[in-house]
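Student: sequence first, then the predicted structure:
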Amino acid sequence: EAGVAQSPRYKIIEKRQSVAFWCNPISGHATLYWYQQILGQGPKLLIQFQNNGVVDDSQLPKDRFSAERLKGVDSTLKIQPAKLEDSAVYLCASSPEAGTDTQYFGPGTRLTVL
Amino acid sequence: GNSVTQMEGPVTLSEEAFLTINCTYTATGYPSLFWYVQYPGEGLQLLLKATKADDKGSNKGFEATYRKETTSFHLEKGSVQVSDSAVYFCALREWGGSEKLVFGKGTKLTVNP
């Protein structure tokens, strides 16, 4: 079974630029999560999708971050414009459905904002 | 709000030493508790879990017991190996609502031969 795929693995941009990350969850998984992991901290949930719909985006900085999950499969997370404090690893995870115990994580995208 | 506190790292041990990584939590209701591990260059993966008080999760020689009276979920292993070197994250899954995972800051473990 293929795992959660993410791209790119690394990205370096200057502040005020835009960036987008892509995630392909495990086939058949209804729930998809985006986390932000700042160096030295644990992952923090940004947004959770159940199929196409948003379940929780309470910690997503909506003035600059946006995410979509068209057709309930792949997802894209965008930052526009980026700030220095957005430097982090962005993790995508999926689970068969909301409320199941195990989330499966992708390798992450390391973003550096200069 | 809900939170998880882990012991500060990094932790450095010799092979075959006993490992304890402390984890305490603050949460309402009946959260599930987890330990995730991140090996160098890899993504997070579930190590073990416990879903109710007094449950013991175990995997790969690691154990943790859900202690509601002390709000703790300490990770232990009797004899660590070099291959256990990784970052360990304690987490809880909120009870009710979106049931999102809340993570601690992580503890880096290095095991020397």
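Tutor: Thanks, I have it.
Student: quick one, phi/psi of A:Gly72?
Tutor: phi 70, psi 20 (degrees, to the nearest 10).
Student: next one: it from A:Asn51, what distance?
Tutor: 4 Å (Cβ to Cβ, to the nearest Å). C-betas here are computed from N, CA, C, even on glycine.
Student: can you check which residues contact both of these two?
Tutor: A:Ala30 (Cβ atoms under 8 Å, 6 or more residues apart in numbering or on different chains).
Student: helix, strand or coil for the residue in chain A that chain B sits nearest to?
Tutor: With distances taken as Cβ to the nearest Cβ, chain A approaches chain B most closely at A:Gly42, which sits 3.0 Å away. What DSSP: H, G, I helix; E, B strand; the rest coil gives for A:Gly42 is coil.
Student: kindly check the end-to-end length of stretch B:64-83 for me.
Tutor: 19 Å (Cα to Cα, to the nearest Å).
Student: which residues of chain A lie near chain B?
Tutor: A:3-4, A:33, A:40-45, A:48, A:55-56, A:91, A:93, A:98-99, A:101-108 (Cβ under 8 Å from any Cβ of the partner chain).
Student: now for whichever strand or helix holds B:Val102, which elements pack on it?
Tutor: Using DSSP states H and E, B:Val102 sits within strand B:101-103. Counting by 3 or more Cβ pairs under 8 Å, 6 or more residues apart in numbering or on different chains; DSSP states H and E, the packing neighbours recorded for strand B:101-103 are strand A:44-50, strand B:3-6, strand B:86-93.
Student: quick one: is the next helix or strand after that strand near chain A?
Tutor: Using DSSP H and E, the helix or strand that directly follows strand B:101-103 along the chain is strand B:107-112. No: using Cβ under 8 Å from any Cβ, strand B:107-112 stays clear of chain A, coming no nearer than 9.7 Å.
Student: distance from strand B:107-112 to the middle of the chain?
Tutor: Chain-centre distance of strand B:107-112: 14 Å, with Cα atoms, centre = their mean, to the nearest Å.
Student: what do you get for stretch B:35-45?
Tutor: With Cα atoms, centre = their mean as the basis, the mean position of stretch B:35-45 lies at 12 Å from the chain mean.
Student: need the distance between the two termini of it.
Tutor: Stretch B:35-45 has an end-to-end distance of 9 Å (Cα to Cα).
Student: re earlier: filter the residues of chain A next to chain B to the buried ones?
Tutor: Buried members of the residues of chain A next to chain B, counted by 16 or more other Cβ atoms under 10 Å in any protein chain shown: A:4, A:33, A:42-45, A:48, A:55-56, A:91, A:93, A:98, A:103-108.
Student: ranges for the strands of chain A?
Tutor: A:5-7, A:10-13, A:19-24, A:31-37, A:44-50, A:53-56, A:65-68, A:75-79, A:88-95, A:104-105, A:109-113 (DSSP state E).
Student: and the residue of chain B found nearest chain A, what pLDDT?
Tutor: When scored by Cβ to the nearest Cβ, chain B has B:Phe103 as its residue closest to chain A, at 3.0 Å. If you check B:Phe103, the pLDDT there is 94.
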